[in-house]
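>>> here's a sequence, model it:
(chains A and B)
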There are 2 protein chains.
Amino acid sequence: MEDHQRHTNPQFEAELNGLRDALLKMGALVQVQIARAIEALVNTDSAKARETIARDVEVNRLDIDTDERCIRLLALYQPAAGDLRLITTGLKITTDLERIGDNAVNICERVLEFNQHPVPSAYIDVPRMGAVAQSMVQDSLDAFTRGDAMLAEQVIARDDEVDSLDDEICRQLLGFMAQNPEAIPRATPILFVSKYLERIADHATNIAEMVVFLVKGRDIRHMDKRHQNASALR
Amino acid sequence: MEDHQRHTNPQFEAELNGLRDALLKMGALVQVQIARAIEALVNTDSAKARETIARDVEVNRLDIDTDERCIRLLALYQPAAGDLRLITTGLKITTDLERIGDNAVNICERVLEFNQHPVPSAYIDVPRMGAVAQSMVQDSLDAFTRGDAMLAEQVIARDDEVDSLDDEICRQLLGFMAQNPEAIPRATPILFVSKYLERIADHATNIAEMVVFLVKGRDIRHMDKRHQNASALR
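Reported below is the predicted structural model:
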């Protein structure tokens, strides 16, 4: 009843849509940041890496702006039930998006290191992994704005794909290092790039889990057994 | 005025104290998890690593419980101003604490890998780094419950110390790998342990930055230039 009243408050609805738009804008920007980081790696383009690092301030600005929207909505409209959970989820999603932006910066830092003495064949599967991680971010946010639990569950399922790609890249790199010990310092940055992409996929999975929770009203965040089942030998 | 009224609502005050206690309990548990993970590494104790991984469910239970406390406080008392920010900060802190718990699990997974063929001297500085990261978690939460911005700023300053320890450990390990290429697969897990500890310190720094924001009412989260100034050659 109260919920219904709130839904028909046009000012509240407008601000809630503003929050959705702000989250999508922030999500679009971090996706561009991931893409730029991978381009900088593949093209050994240090200028692009530096430019991407500098653009992180835009992500941070959107983070603060989106958080403020959430707090203002809570303060002015005292939302209940579903709306309250939507807004508190928004507050948590900004944290994940901001850290995805940080991970893109971390990749660029490794690219600058790597570019001093690039190892041409070392990053063979990294762009594919980057593309999967990026699309998971996109889909998790689409699931949030549409309230689409099925899409969110698909994102969660794809986390395993990224983990497998990470395993594969690590295996390849360790083999390469064992054959070419002198190249260890040069190949190590790619190991970390792979880990940063895996972490981006984790953040997208977190967002997707929160969406399922929002839609279905139960907390699946800790039911996926990611850690319990994770191979201890990765 | 409204704020004052809320502060004198004994039921609200009691629930707010309950939230603080829940956050401290969760913080204490993740610190124990970090300590157990480091012990498992130093003593090549796979049983302890497995036990620590299994205990992550307790962290997850506290995460859900603490989030629910935040949402209930928002729904029932419609807090304003400082109280509202305190509670929304609580919502974000649970995310950081939960991920610190995940990082302790990640360390244990690497320990299980490493323990198959341990490299005795490889983890020389890791316990020290673990102790610093753990104390940062402790202090960031103390700063939160006491509203102590000065302590929070000290936590933020110590993030550089952890970054230096991480650099040092990486340098040592890469040198060791170059000398002993056959030991690369065995020494690599320690590289990742060092990264997980660095990430725990980052989460503590995030909490500390939120505390400074809470106390001083301005957002320093993105003013520390951690990324902008971070050496690109780490």
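>>> now do the contacts for the nearest residue to A:Pro185 once chain neighbours are set aside.
Distances taken as Cβ to Cβ, 6 or more residues apart in numbering or on different chains place B:Leu174 nearest to A:Pro185, at 5.4 Å, with adjacent residues excluded. Every residue, glycine included, has its C-beta placed from N, CA and C. Applying Cβ atoms under 8 Å, 6 or more residues apart in numbering or on different chains to B:Leu174 gives the contacts A:Ile184, A:Pro185, A:Thr188.
>>> out of these, who has the most neighbours?
Of all the contacts of B:Leu174, A:Thr188 has the most neighbours under the rule other Cβ atoms under 10 Å in any protein chain shown, reaching 23 neighbours.
>>> roughly how far apart are that one and A:Cys170?
Separation of A:Thr188 from A:Cys170 (Cβ to Cβ, to the nearest Å): 11 Å.
>>> same check on A:Val42?
Plainly put, A:Val42 is 19 Å away from A:Cys170 if you go by Cβ to Cβ.
>>> between the two, which one's more packed in?
Between A:Val42 and A:Cys170, A:Cys170 has the larger neighbour count (other Cβ under 10 Å), namely 19 against 13.
>>> quick one: average pLDDT of the helix or strand hosting the more buried one?
Using DSSP states H and E, A:Cys170 falls within helix A:149-179. Confidence over helix A:149-179 (mean pLDDT, whole number) is 91.
>>> stretch A:77-92 too?
Here the average pLDDT along stretch A:77-92 is 90.
>>> now swap in stretch A:186-194 and tell me
Averaging pLDDT along stretch A:186-194 gives 88.
>>> run through who's touching that stretch.
Under the contact criterion Cβ under 8 Å, 6+ apart, stretch A:186-194 has outside partners A:41, A:106-107, A:110-111, A:113-114, A:116-119, A:122-123, A:126, A:129, A:165-166, A:169-170, A:173, A:176-177, A:180, B:170, B:174, B:188, B:191, B:195.
>>> same thing with stretch A:93-108?
The contact list for stretch A:93-108 (Cβ under 8 Å, 6+ apart) reads A:23, A:26-27, A:29-30, A:33-34, A:36-38, A:40-41, A:49-50, A:52-53, A:56, A:59-60, A:63, A:66-67, A:70, A:137, A:141, A:144, A:192-193, A:196-197, A:199-200, A:203-204, A:206-207, A:210, B:92, B:95, B:227.
>>> got the CA positions of that stretch in PDB?
Once non-C-alpha atoms are left out, stretch A:93-108 reads as follows in PDB (Å, rounded to 0.1, in the frame of the first residue of the first chain):
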ATOM      1  CA  ILE A  93      26.800  -1.600  -6.800                       C
ATOM      2  CA  THR A  94      28.700   1.700  -6.900                       C
ATOM      3  CA  THR A  95      31.400   0.100  -4.800                       C
ATOM      4  CA  ASP A  96      31.800  -2.800  -7.200                       C
ATOM      5  CA  LEU A  97      31.800  -0.500 -10.300                       C
ATOM      6  CA  GLU A  98      34.400   1.800  -8.700                       C
ATOM      7  CA  ARG A  99      36.600  -1.100  -8.000                       C
ATOM      8  CA  ILE A 100      36.200  -2.400 -11.500                       C
ATOM      9  CA  GLY A 101      37.500   1.000 -12.600                       C
ATOM     10  CA  ASP A 102      40.500   0.500 -10.200                       C
ATOM     11  CA  ASN A 103      41.200  -2.900 -11.700                       C
ATOM     12  CA  ALA A 104      41.300  -1.300 -15.200                       C
ATOM     13  CA  VAL A 105      43.900   1.100 -13.700                       C
ATOM     14  CA  ASN A 106      45.800  -1.800 -12.200                       C
ATOM     15  CA  ILE A 107      45.900  -3.500 -15.700                       C
ATOM     16  CA  CYS A 108      47.200  -0.300 -17.200                       C
END
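>>> from the chain's centre, how far out does that stretch sit?
With Cα atoms, centre = their mean, to the nearest Å as the basis, stretch A:93-108 stands 7 Å off its chain's centre.
>>> again with stretch A:85-105
Distance, stretch centre to chain centre, for stretch A:85-105: 8 Å (Cα atoms, centre = their mean).
>>> briefly note if the helix or strand containing A:Leu76 comes near chain B.
Take DSSP H and E as the rule and A:Leu76 turns out to sit in helix A:56-77. Yes - using Cβ under 8 Å from any Cβ of the partner chain, helix A:56-77 comes into contact with chain B via A:Asp56, A:Val57, A:Asn60, A:Arg61, A:Asp63, A:Ile64, A:Asp67, A:Cys70, A:Ile71, A:Leu74, A:Ala75.
>>> which residues in chain A form helices?
Under the criterion DSSP state H, chain A contains helices at A:2-7, A:10-42, A:46-54, A:56-77, A:81-114, A:126-146, A:149-179, A:184-216, A:226-229.
>>> taking helix B:184-216 as reference, get the angle to the longest one.
Relative orientation of helix A:81-114 with respect to helix B:184-216: 130 degrees, computed using axes from the mean of the first three to the mean of the last three Cα atoms, to 10 degrees.
>>> okay, now the residue nearest to A:Leu165 when sequence neighbours are not counted: neighbour count?
With Cβ to Cβ, 6+ apart as the criterion, A:Leu165 has its nearest non-adjacent residue at 4.2 Å, and that residue is A:Met129. By other Cβ under 10 Å, the residues close to A:Met129 number 24.
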